[in-house]
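Visitor: Quick check, what structure comes out for this input:
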Amino acid sequence: MIKKPLLYLSKMILYKEKTKLMQKKPVFWLICILIVVAATIPATAQIKLPSLVRDSMILQRDHSIKIWGWASKGEKIKVAFNGREFSTRAGDNLKWLITLPAMPAGGPYSMTIKGKNTIKLREILIGDVWLCSGQSNMVHQLSLHSVYYPKAIKDAHYPEIRQFWVPNTPILKGPADSLNGGAWKPATPAFVGDFSAVAYFFAKAIYERYHVPIGIINASVGGTPIEAWISDDGFKGFPAIENQVQDHKAPAFLDSVNNKTSGFKQTAVLDKGLEGSQPWYSTGYTPKGWRQIGIPGYWEDQGVKDLNGVVWYRKTINLPERMAAKEAKVFLGRIVNADELYINGQKVGSTTYEYPQRRYAVPKGLLRAGRNLFVIKVQNFFGKGGFVPDKPYCLIAGADTLDLKGYWQYKVGAVFAPPKHDGPLSAHFSLQNAPTALYNGMVAPLINYGIKGILWYQGESNIGTKNYAALMKSLIEDWRGKWKLGDIPFLFVQLPGFGDFNYLPEQSGWAELREAQLKTCTIRNTGMGVAIDLGEWNDIHPDRKKPVGDRLALIARKIAYHENIVACGPLYKSYEKQGNKIIISFSNAASGLTTSDGEAPQEIAIAGADKQFVWAESKISGDKLEVWSATISDPVYVRYGWADNPVNPNLCNKEGMPASPFNIR
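Guide: Numbers count the residues shown, from 1 in each chain. You can find the predicted model right below:
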């Protein structure tokens, strides 16, 4: 009602006064102001939608559907969808929300949203939506595991499976209303490489079972603790964390974070490898003072003591002509922490952190028959630096593979002094790890969006947290309370094995966290995917993501889709003593207990009151496990799979599903 009169008035004044404007400057500038105001008024009245509500979204079936956004105060909003029209008005806070009735699976549909402007959304489906959250093992994209699953990306033709990737946005001051971007993408070869591998394999299994559209909302950030994902309300009963949250909301603290005046500061150090007239990766550089070192391996294990800094590796590689003429790629396993690869003086690839496996494509024509100079620059910031053992280190060209393991030459380019801390923040402060930060920025903006359930894969960053079971319970109750959808299914992954093998009974922080996860199974409508058999000793991000997704899907079939099936392996339930034996009972023993390899149950330790554990003897009797040791007459404690990375946790049910590690005390 404002735009047309103002524009008309502006045009009339411009027409009548066009010969006088330059003489009457005040009138000229008044006219300019009127034009600018007229042009900007519609922009302030534009309907704005949250990032989730857009083309190609998947809406939750069989539940009421919320569509929301922002507009000018009192602006009438109409939503037309699936043959019906709904309306409301924006409130004093400029927000509006329309609730559509529950609808069955189907689509594609279009949606028209009208106010003072019109938005049309296309390719909307109705199906099941799963919120997938946690840390890096939920982040890890399918493309990072393409060597292990070579056909997964090429064969992904599931346009009715779609993922929305939530941008990494930690916020301290309070819950956000909206996300900073994001889009729905289909599971097709062009996009599926960016899908969470675990979430994709889960969604694929569910889709192939029920043939309804599956939406994945992935809100995950690597290296983050559970505390970052819980809201203010979820920390009632955790006074120390409550105080920390309030401290983080103080203006001075927020200013220090926003201005980046706090945290570690690393003194700049010149890298000698880049200082001279010829950098160390150049083919024109003449090496002097280089020493021998092995790849793979850490330099701290090869005569270099406690070095954080830059170490350069070089080696001349002789190639046959048949390899030099073909497209090639270099596998460099994993490197701690960052690396750059140069071949014949040209940079081929780089990675800035330790976890991805290095797989670099070599530009065509760079390799030549005969001698080729390979140089690798490695930066390490803490702990042991170098090349992770038991990973592939090779050059692949066509059908030929050349092993790159063995002795190289090395030289130290820079040594980092211990970092200095400056400012009001804790020396160990990380914004994305702060309590509530990821809930505020990445979960709160999702609350209006209907979901079928939640998948959770997290815990590595909470090793050593003694109250993790209580925090898990709080997270589940917190999120269920926010969505107000009842006890929606909450399915999670128990941590797999990781780290060095120990062939003696041991104390274990990883085992303690798995026990906390096991306790969570007592909460209604929760389910745990056991993954103890799917780990890798030298990789916190194991390749075997499909079995994880498949096991979660099996649990979803039971809990979320109400199939009468055996959905997981044996879970410890109770025990009784009979002389020097302990008889253990399980839930989910199903058709009975067995082992995955036909051998006797392994990784079982037993102890008396002194807690001096020894390996136990054992016997399976139907759905029970008998445990004893000839050296312990009065057993008190039993542990199964109680290690960071148990060597052979082989107990399972006859359906082939692994038992969870447990601890009787």
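
Visitor: Could you report the neighbour count for the closest residue to L404 other than its chain neighbours?
Guide: If the residues on either side of it in the chain are set aside, L404 comes closest to Y393, at 4.4 Å by C-beta to C-beta, 6 or more residues apart in numbering. C-beta coordinates here come from the backbone N, C-alpha and C atoms, glycine included. Y393: 19 surrounding residues under other C-beta atoms under 10 Å.

Visitor: Give me the phi and psi for Y393.
Guide: Main-chain dihedrals, Y393, degrees, to the nearest 10: phi -130, psi 100.

Visitor: for A197, same thing?
Guide: Torsion angles, degrees, to the nearest 10, at A197: phi -60, psi -50.

Visitor: so what's the nearest residue to it once chain neighbours are set aside up against?
Guide: Nearest residue to A197, sequence neighbours excluded (C-beta to C-beta, 6+ apart): K545, at 3.8 Å. By C-beta atoms under 8 Å, 6 or more residues apart in numbering, the residues touching K545 are H140, L142, H145, Y149, A197, V198, F201.

Visitor: okay but W70 is in contact with G91, surely?
Guide: No. Using C-beta atoms under 8 Å, W70 is not in contact with G91, being 10.0 Å away.

Visitor: neighbour-wise, which of those two wins?
Guide: Comparing W70 with G91 by other C-beta under 10 Å, the one with more neighbours is W70, at 18 against 13.

Visitor: residues in contact with that one?
Guide: Contacts of W70 (C-beta under 8 Å, 6+ apart): I47, K48, A90, L94, K95, W96.

Visitor: From the contact counts, what lies against the strand ranked longest in the chain?
Guide: Taking DSSP state E as the criterion, the chain has its longest strand at strand 118-134. On a contact count with 3 or more C-beta pairs under 8 Å, 6 or more residues apart in numbering; DSSP states H and E, strand 118-134 meets strand 58-60, strand 106-114, strand 158-165, helix 197-210, strand 214-220, strand 453-457.

Visitor: Show me which residues of that strand are buried.
Guide: Buried residues in strand 118-134, counting neighbours by 16 or more other C-beta atoms under 10 Å, are found at 119, 121, 123-134.

Visitor: and Q292, what does it touch?
Guide: By C-beta under 8 Å, 6+ apart, the contact list for Q292 reads Y407, W408, Q409, Y410.

Visitor: Of these - the most surrounded one?
Guide: Neighbour max across the contacts of Q292 (other C-beta under 10 Å) = Y410, 23 neighbours.

Visitor: beta partners of that residue?
Guide: R291, Y313 (DSSP bridges).

Visitor: Could you do M528 as well?
Guide: Using DSSP bridges, the beta-bridge partners of M528 come out as F492.

Visitor: I figured it hits V493, correct?
Guide: Yes. Counting by C-beta under 8 Å, V493 is a contact partner of M528 at 7.5 Å.

Visitor: Show me this structure divided up by domain.
Guide: Domain assignment for the chain by automatic domain parsing gives 3-44, 282-415, 571-664.

Visitor: What is the end-to-end distance of the second one?
Guide: Terminal residues of domain 282-415 are spaced 22 Å apart (C-alpha to C-alpha, to the nearest Å).

Visitor: Could you find the closest non-adjacent residue to Y449?
Guide: L52 (5.3 Å).

Visitor: Quick one: neighbours of the one you found, just the number.
Guide: Residues lying near L52 (other C-beta under 10 Å) number 22.

Visitor: Please shift the residue numbers so they start at 174 in all later answers.
Guide: Sounds good: first residue 174 from here, last item L225.

Visitor: how about the strands in the stretch 674-823 of the chain?
Guide: Secondary structure of the stretch 674-823 of the chain (DSSP state E, counting those that start in this stretch): strands at 699-702, 744-751, 754-760, 766-768, 777-780, 787-788, 790-794, 797-801, 810-813.

Visitor: Partner strands of the shortest one and their direction?
Guide: Sheet pairing for strand 787-788, assigned by DSSP bridges, gives strand 777-780 (antiparallel).

Visitor: among the domains of the chain, which is nearest G279?
Guide: Smallest distance to G279 across the domains of the chain (C-beta to C-beta): 34.3 Å, for domain 744-837.

Visitor: distance between that closest one and the chain's centre?
Guide: 33 Å (C-alpha atoms, centre = their mean, to the nearest Å).
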